[in-house]
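Peer 1: Give me a 3D structure for the following:
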Amino acid sequence: MTPHQIQLIRSSFEPLKPLAATVAEAFYTQLFTRDPALRALFRGGDMAEQGERLMQMLSAAIELLDRPGALMPVLLRLGQRHVGYGVVDAHYDSVGAALLDTLAAGLGDGFTVEVREAWTTMYGVVARTMMEGANSAVLAA
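Peer 2: You can find the predicted model right below:
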């Protein structure tokens, strides 16, 4: 990711932080509408708590974007943990699309083509690294 893309992500995420619960709820609505089968992965879980964890993870990842040496091990471990939840590689496409749709709705005109490309690039790094972690966990099992 370029420094400019990192800045675009950080600046576009900033206005969403005070709306974290609403953003998370919108994300899960998008996700379950797009891929209803994913709802089963959240067996009886508190979705408000899950949304809080999602927003914390996003904030932490965004904070570390310019420090890949610190970010990548976190994402690898996150991917390993998600295997236990039943997440498979195909789910990452649904999550990415739901994230972009949520950002587009939340940022409105601020979700420019350039901002969208930056978020798409970031999510690609996150998803690929988490899948790498997940695949290493499966191979080790």
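Peer 1: Please name the residues that touch Gly86.
Peer 2: Ala40, Leu41 (Cβ atoms under 8 Å, 6 or more residues apart in numbering). Placement of C-beta: from N, CA and C, glycine included.
Peer 1: repeat that for 7 Å
Peer 2: Each residue near Gly86 by Cβ atoms under 7 Å, 6 or more residues apart in numbering is listed here: Leu41.
Peer 1: Could you check how far it is from Phe32?
Peer 2: Going from Gly86 to Phe32 by Cβ to Cβ, to the nearest Å gives 15 Å.
Peer 1: Tell me which helix or strand the nearest residue to Ala20 once chain neighbours are set aside sits in.
Peer 2: Of all residues not flanking Ala20 in the chain, Met55 sits nearest, at 4.2 Å (Cβ to Cβ, 6 or more residues apart in numbering). Assessed by DSSP states H and E, Met55 sits inside helix 47-63.
Peer 1: Which elements pack onto that helix?
Peer 2: helix 3-13, helix 20-34 (3 or more Cβ pairs under 7 Å, 6 or more residues apart in numbering; DSSP states H and E).
Peer 1: In JSON lines, list those along with distance to Gly110 and mean neighbour count.
Peer 2: Below are the helices and strands packed on helix 47-63 laid out as JSON lines (distance: least, Cβ to Cβ, whole Å; neighbours: other Cβ atoms under 10 Å):
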{"stretch": "helix 3-13", "distance to Gly110": "6", "mean neighbour count": "16"}
{"stretch": "helix 20-34", "distance to Gly110": "14", "mean neighbour count": "17"}
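Peer 1: Ok, which of those comes nearest Leu75?
Peer 2: helix 3-13 (15.2 Å; Cβ to Cβ).
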